[in-house]
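# The following comprises the amino acid sequence and a computationally predicted model.
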Amino acid sequence: MHAADHTIRTVEDLRAVVGEPNRLTPVKILDALDDAMRAFVARAPFLVLSTADAAGRQEASPKGDAPGFVHVEDERTLLVPERKGNRLVMGLRNVLANPHVGLLIVIPGTPETLRVNGTAELTRDPEVVTRLAARGQPALLAIRVRVEECFFHCAKAFLRSSLWQPETWPERQRISFGAMLASRVGGDEKLASTIDAAIEEDYRTNL
């Protein structure tokens with residue numbers, strides 16, 4: 001006797017569990033940024049960029065800087081600066097192979113988020129990267145996102161997680177890249193400490 005299969009395989013199966021959306025919910029999905037969305041982008045210091053390669057393998061990358069680091073070029077176009085990082089360029093390579101992207105734009109303390117879906121291209125236009133400068137340095141390049149869908153997402157996930165309530169936060173977890181990397185190359189604690197110190201210095205001086 002086989003165990004019951006509880007896998008959801010069809011939209012009908014899914015709707016049987018989740019139900020239908022409120023009739024007003026689809027009305028909030030727009031194809032261009034309205035004034036409230038543009039104001040939200042201007043105040044946001046952080047987003048997550050979701051991309052996929054040509055085979056559909058996905059990657060999500062955090063992007064952040066001072067509030068307003070993402071520029072609204074017009075009601076259907078956003079410019080996201082690319083700054084110095086680990087140089088793996090996973091998301092950027094994905095954009096070259098598959099232009100479809102999603103953005104989750106976040107303002108600390110605000111439980112609603114702004115979601116943007118569309119297509120992207122990479123540009124190193126001197127005027128654009130200069131416009132996106134920070135700390136006296138132009139952006140390395142810009143991700144130009146053409147908006148196809150945009151909408152505000154409700155607060156429930158942030159309310160359930162108490163994400164913006166500092167009194168609920170656990171003690172900060174220290175991530176030691178040094179310990180991880182040293183163990184993989186046969187190094188000792190001294191090497192781990194050296195790597196961690198170099199990373200901390202990079203955080204201080206190479207944003």
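Structure received. Just so we're clear, the structure is a prediction, and the values are computed from it rather than from any experiment. Numbers count the residues shown, from 1 in each chain.
# so how far is the longest helix anywhere in the chain off the chain centroid?
Secondary structure of the chain per DSSP state H: the longest helix is helix 189-205. Mean-position distance between helix 189-205 and its chain equals 26 Å (C-alpha atoms, centre = their mean, to the nearest Å).
# Show me which residues of that helix are buried.
When burial is assessed from 16 or more other C-beta atoms under 10 Å, helix 189-205 yields the following buried residues: 191-192, 195-196. C-beta here means a position set from N, CA and C on the backbone, and glycine is covered the same way.
# Repeat that for stretch 97-105.
Neighbour-count burial for stretch 97-105 flags 98, 101-105 (criterion: 16+ other C-beta under 10 Å).
# got a pLDDT number for residue 81?
Per-residue confidence at residue 81 stands at 98 (pLDDT).
# likewise residue 55?
For residue 55, the model assigns a pLDDT of 97.
# host element of it?
Assigned by DSSP states H and E, residue 55 falls within no helix or strand.
# Tell me how many other residues surround it.
The tally of other residues near residue 55 (other C-beta atoms under 10 Å) stands at 7.
# Repeat that for the one 10 residues further on.
Other residues near residue 65 number 18, with proximity taken as other C-beta under 10 Å.
# Turn the buried residues of helix 189-205 into TSV, including pLDDT and distance to residue 15.
As requested, these are arranged in TSV below (pLDDT from 0 to 100; distance: C-beta to C-beta, whole Å):
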residue	pLDDT	distance to residue 15
191	88	54
192	85	51
195	89	50
196	87	49
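# Among the residues you listed, which one sits closest to residue 40?
Of all those, residue 40 sits closest to residue 196, with 36.4 Å by C-beta to C-beta.
# So that closest one is in contact with residue 178, correct?
Yes. Using C-beta atoms under 8 Å, residue 196 is in contact with residue 178, at 3.7 Å.
# Can you give the distance of the longest strand anywhere in the chain from its chain's centre?
Using DSSP state E, we find that the single longest strand of the chain is strand 141-153. Offset of strand 141-153 from its chain centre (C-alpha atoms, centre = their mean): 11 Å.
# that older thread, of the buried residues of helix 189-205, closest to residue 155?
Nearest to residue 155 among the buried residues of helix 189-205 is residue 196, at 36.8 Å by C-beta to C-beta.
# For the closest one, give me its contacts.
The contact partners of residue 196, by C-beta atoms under 8 Å, 6 or more residues apart in numbering, come to 176-179.
# go on, residue 60?
Contacts of residue 60 by C-beta under 8 Å, 6+ apart are 48-51, 91.
# try residue 75
Neighbouring residues of residue 75 by C-beta under 8 Å, 6+ apart: 32-34, 38, 147.
# if we go to 10 Å?
Listed by C-beta atoms under 10 Å, 6 or more residues apart in numbering, the contact set of residue 75 reads 30-35, 37-38, 147, 150.
# and residue 159, how far is that from residue 110?
Distance of residue 159 to residue 110, given as C-beta to C-beta, to the nearest Å: 12 Å.
# likewise residue 182?
40 Å.
# So which of the two has more stuff around it?
residue 182 (20 against 14).
# what helix or strand does the residue nearest the centre of the chain sit in?
In the chain, the residue lying closest to the centroid (C-alpha atoms, centre = their mean) is residue 48, at 0.6 Å. If you go by DSSP H and E, residue 48 is part of strand 46-52.
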